[in-house]
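Novice: The following comprises the amino acid sequence and a computationally predicted model.
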Amino acid sequence: MLAPASPESAGMSKAALDRLENHLKQRYIDAGRFPGTQLLIYRRGKVVHSSAQGFADLERKVPVKDDTIFRIYSMTKPLTSVAFMMLVEEGRVALDEPVHKYIPAWKNLGVFVAGTHPAFLTRPPSRPMLIVDLLRHTSGLTYGFQQRSNVDAAYRENKIGEVIKAGTLQGMIDDLAKIPLEFSPGEAWNYSVATDVIGYLIGLISGKPFEQFLKERILDPLGMNDTDFFVPKDKAHRFAACYSADPQGGMTFHATERKGTLTLQDDPATSSFLSPPSFVSGGGGLCSTTADYLTFCRALLNGGELGGIRLLGPKTLNLMTSNHLPGGVDLPAMSRSLFSEAAYNGIGFGLGFAVTMNPAQTLIAGSPGEFNWGGAATTSFFIDPAEELITIFMTQVLPSSAYPLRRELRTMVYAAITDSNL
């Protein structure tokens, strides 16, 4: 981790950041809502706030430390999206190509009209699914946990894209060929397994397994040594437990044992994350540390390069962090999802990130062009290029919709800025 600097040296208020820490402790940790938290704030090239409080493992009374390893779930998506855009930069694939060019079995995917699995009535889509649809979640794919339609019921039946990892990437692609789309590509926004498909395409186009490409092109060059699709034996003692909020919120998880207001959902001593998965999920499979994720975020804030290692050119990154929703609308105007890692007015969606278009419409302090995402266990990050600001928050509580933590974080971090660049 980088050496900490005073908040005042980067135009922020220590008193306001201390207030945020106290808020996390009193509202969430002392109240039994979160086992523990880690918060890191980086501004103008300096770590101005880094703190860990509470427990990574309540049962064993293991405290959260700087090297605690967390399941980052959907915070995997930005890494997968950056990896894919590296192939785009190399001219090996283009955003406007049809997905069926690479997955021929998907050529005749229909759009749901009626019926249940496997006897669906479908109609042809108004246009083919394009690569860009996968990156911006306008593909017509879905997630089974949304429990909204007969299509996502078919996902659950086939265990497609589940947190409890099963099958293989190829198996998921084969299964999806038999299930209709929720809607015609480009007509709506729906949070989905699309980024898992992007991971599959990376393997197909690069000619090497997706996890190997990610390791060779991003993780190893940047020195993100604690980020992987499983936690090796020699690091297992640093792996946090994962809990479920009780009563549960917008996703259904299999809770095992009640612990006050938290239920142990995944014991780090017996977790499936302790061995390499058969299903390598570009949508949600990675474990990481706050320090590693800061390294990745710093490369993004720095226009795609860090310490002489260039992942992407700044123009590609600008493309990724622009709003790609058709017609330039925001998420609520297009969203079919009951669930998303972002649900605000004034927020658009780019290629792997949610993007703030109009802070006034969000009713939360921020800047145009700020981009972010989060994970199912309430982890989150946001990067504000205009303010040279990165915020990373870690805990392990499912689902991320249980508490308004992300709104509070954003409000209180921006309130700590005393010298704005804007």
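Specialist: Looks like it arrived, so ask away. Numbers count the residues shown, from 1 in each chain.

Novice: how about the strands in the stretch 301-422 of the chain?
Specialist: Along the stretch 301-422 of the chain, counting by DSSP state E, counting those that start in this stretch, strands occupy 305-306, 309-310, 347-349, 354-356, 371-374, 380-384, 389-394, 397-398.

Novice: Show me how far the fifth one is from its chain's centre.
Specialist: Yep, that's strand 371-374 we're talking about. Mean C-alpha position of strand 371-374 versus that of the full chain (C-alpha atoms, centre = their mean, to the nearest Å) differs by 7 Å.

Novice: Parallel or antiparallel, list what pairs with that strand.
Specialist: Within its sheet, strand 371-374 is paired with strand 354-356 (antiparallel), strand 380-384 (antiparallel), according to DSSP bridges.

Novice: Of all these, which one is nearest P399?
Specialist: strand 380-384 (12.8 Å; C-beta to C-beta). C-beta here means a position set from N, CA and C on the backbone, and glycine is covered the same way.

Novice: So for the closest one, what gets flagged as buried?
Specialist: Across strand 380-384, burial judged by 16 or more other C-beta atoms under 10 Å covers S380, F381, F382, I383, D384.

Novice: Same list, those residues, but as a markdown table with pLDDT and distance to I347 please.
Specialist: Shown next, in a markdown table, are the buried residues of strand 380-384 (pLDDT from 0 to 100; distance: C-beta to C-beta, whole Å):
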| residue | pLDDT | distance to I347 |
| --- | --- | --- |
| S380 | 98 | 14 |
| F381 | 98 | 15 |
| F382 | 98 | 11 |
| I383 | 98 | 14 |
| D384 | 98 | 14 |
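
Novice: Of these, which pair is most distant in space?
Specialist: Farthest pair in the buried residues of strand 380-384 (C-beta to C-beta) is S380 and D384. Separation: 13.5 Å.

Novice: is it possible to export the strands paired with strand 371-374 to a markdown table including distance to V397?
Specialist: As requested, the strands paired with strand 371-374 are exported to a markdown table (distance: least, C-beta to C-beta, whole Å):
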| stretch | distance to V397 |
| --- | --- |
| strand 354-356 | 20 |
| strand 380-384 | 12 |
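
Novice: Which one of those strands lies nearest to N225?
Specialist: Closest among the strands paired with strand 371-374, using C-beta to C-beta: strand 380-384, at 19.0 Å.

Novice: With only the CA atoms kept, save the closest one in PDB.
Specialist: The C-alpha trace of strand 380-384 is given here as PDB (Å, rounded to 0.1, in the frame of the first residue of the first chain):
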ATOM      1  CA  SER A 380     -17.700  -0.700  -4.400                       C
ATOM      2  CA  PHE A 381     -15.400   1.800  -6.000                       C
ATOM      3  CA  PHE A 382     -15.700   5.100  -7.900                       C
ATOM      4  CA  ILE A 383     -13.100   7.100  -9.900                       C
ATOM      5  CA  ASP A 384     -13.600  10.800 -10.500                       C
END
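
Novice: ok, residues contacting that strand?
Specialist: With contacts defined as C-beta atoms under 8 Å, 6 or more residues apart in numbering, strand 380-384 is touched by 75, 293, 297, 300-301, 341, 366-367, 369-374, 389-393, 400, 405-406, 409-410.

Novice: Which secondary structure element of this structure has the lowest mean pLDDT?
Specialist: Least confident helix or strand, the chain: strand 257-259 with a mean of 50, by mean pLDDT, DSSP states H and E.

Novice: So which of the strands paired with strand 371-374 is nearest T227?
Specialist: Shortest distance between T227 and the strands paired with strand 371-374, using C-beta to C-beta, is found for strand 380-384: 13.4 Å.

Novice: to the chain's geometric centre, what's the distance from the closest one?
Specialist: Using C-alpha atoms, centre = their mean, the distance from the centre of strand 380-384 to the centre of the chain it belongs to is 11 Å.

Novice: how about the strands in the stretch 151-300 of the chain?
Specialist: Going by DSSP E, counting those that start in this stretch, the stretch 151-300 of the chain shows strands at 242-245, 257-259, 262-266, 287-288.

Novice: same for the first one, what does it pack against?
Specialist: It refers to strand 242-245. Strand 242-245 sits against strand 262-266, strand 397-398, with contacts defined as 3 or more C-beta pairs under 8 Å, 6 or more residues apart in numbering; DSSP states H and E.

Novice: now what about it, what contacts it?
Specialist: Strand 242-245 is contacted by residues 33, 35, 58, 71, 253, 255, 259, 261-266, 268, 271, 377, 396-399, 402-403 when judged by C-beta under 8 Å, 6+ apart.

Novice: Are any of these buried, and if so which?
Specialist: Burial by neighbour count, judged by 16+ other C-beta under 10 Å, picks out 33, 35, 58, 71, 253, 255, 259, 262-266, 268, 271, 377, 396-399, 402-403 from these.

Novice: so where's the stretch 201-350 of the chain uncertain?
Specialist: 246-260, 338-343 (pLDDT under 70).

Novice: for the stretch 51-200 of the chain, same thing?
Specialist: Within the stretch 51-200 of the chain, the ranges that satisfy pLDDT under 70 run 163-165.

Novice: can you tell me how far R71 sits from M334?
Specialist: The gap separating R71 from M334 is 29 Å, by C-beta to C-beta, to the nearest Å.

Novice: what's the answer for A83, then?
Specialist: Plainly put, A83 is 26 Å away from M334 if you go by C-beta to C-beta.

Novice: Then V62?
Specialist: According to C-beta to C-beta, V62 and M334 sit 43 Å apart.

Novice: Same check on S206?
Specialist: 31 Å.

Novice: number of nearby residues for A10?
Specialist: The local packing of A10 (other C-beta atoms under 10 Å) involves 21 other residues.

Novice: Could you count how many residues lie near A15?
Specialist: A15 is flanked by 11 other residues according to other C-beta under 10 Å.

Novice: what's it in contact with, if anything?
Specialist: A15 touches nothing, counting by C-beta under 8 Å, 6+ apart.

Novice: and it, which of the three is it?
Specialist: Three-state call for A15 (DSSP: H, G, I helix; E, B strand; the rest coil): helix.

Novice: How much space separates it from K46?
Specialist: A15 sits 18 Å away from K46, going by C-beta to C-beta.

Novice: Y155 too?
Specialist: Y155 is 44 Å from K46, where distance means C-beta to C-beta.

Novice: More neighbours: which of those two?
Specialist: Remark: of Y155 and K46, Y155 carries more neighbours, 26 against 18, as counted by other C-beta under 10 Å.

Novice: which residues does the closest residue to that one other than its chain neighbours contact?
Specialist: Distances taken as C-beta to C-beta, 6 or more residues apart in numbering put G144 closest to Y155, at 3.4 Å, once the chain neighbours are dropped. G144 makes contacts with D152, A153, Y155, R156, K159, I160, G161, E162, as judged by C-beta under 8 Å, 6+ apart.
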